[in-house]
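Engineer: Have a look; sequence and predicted model below, questions after that.
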Amino acid sequence: MTEEMTNVQSEALAQLIKDLGIDTLEKDKQNELIIKMTEVLLKRIFLETMEKLGESGREEYEKMSEGEIEPEQIEAFFKDKISNYDEMVQQIIEEFRAEMMATNN
């Protein structure tokens, strides 16, 4: 997975930050929590993506990631190999959001 988040992921994270009240914290604390949440979210998306790709898809991804490659190319690869990639990512984001909201209440 790339370090870059798609617009959908970024927007979902921005909304979650507001919903959890993180945007009212000090900047240092905000940044710390945002970094941690982003890492967890990206890790979950990556793990689910790798699982859905299967062994041959993972091998192809590993070969791709050894060279110079743009984030858009990787995302296009995932979308090509995983028919409902965007929906899968959105579902992971929603599950993460629900977990965060539950722990916040």
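Structural biologist: Cool, got the structure. Residues are numbered from 1 along each chain as shown.

Engineer: top helix in the protein by residue count?
Structural biologist: helix 27-66 (DSSP state H).

Engineer: ok, the residue nearest to residue 77 when sequence neighbours are not counted - how many residues close by?
Structural biologist: Take residue 77 and drop its neighbours on the chain: the residue closest to it by Cβ to Cβ, 6 or more residues apart in numbering is residue 64, 6.4 Å away. Quick note: C-beta positions are derived from backbone N, CA and C, even for glycine. Taking other Cβ atoms under 10 Å as the neighbour definition, residue 64 ends up with a count of 12.

Engineer: and residue 64, what is it in contact with?
Structural biologist: Residues counted as contacts of residue 64 (Cβ atoms under 8 Å, 6 or more residues apart in numbering) are 73-74, 77.

Engineer: tell me which element residue 90 falls in.
Structural biologist: Residue 90 belongs to helix 85-104 when assigned by DSSP states H and E.

Engineer: Would you mind pulling the contact partners of that helix?
Structural biologist: Against helix 85-104 from outside (Cβ under 8 Å, 6+ apart): 6, 8-9, 12-13, 15-16, 19-21, 37, 40-41, 44-45, 48-49, 52, 78-79, 82.
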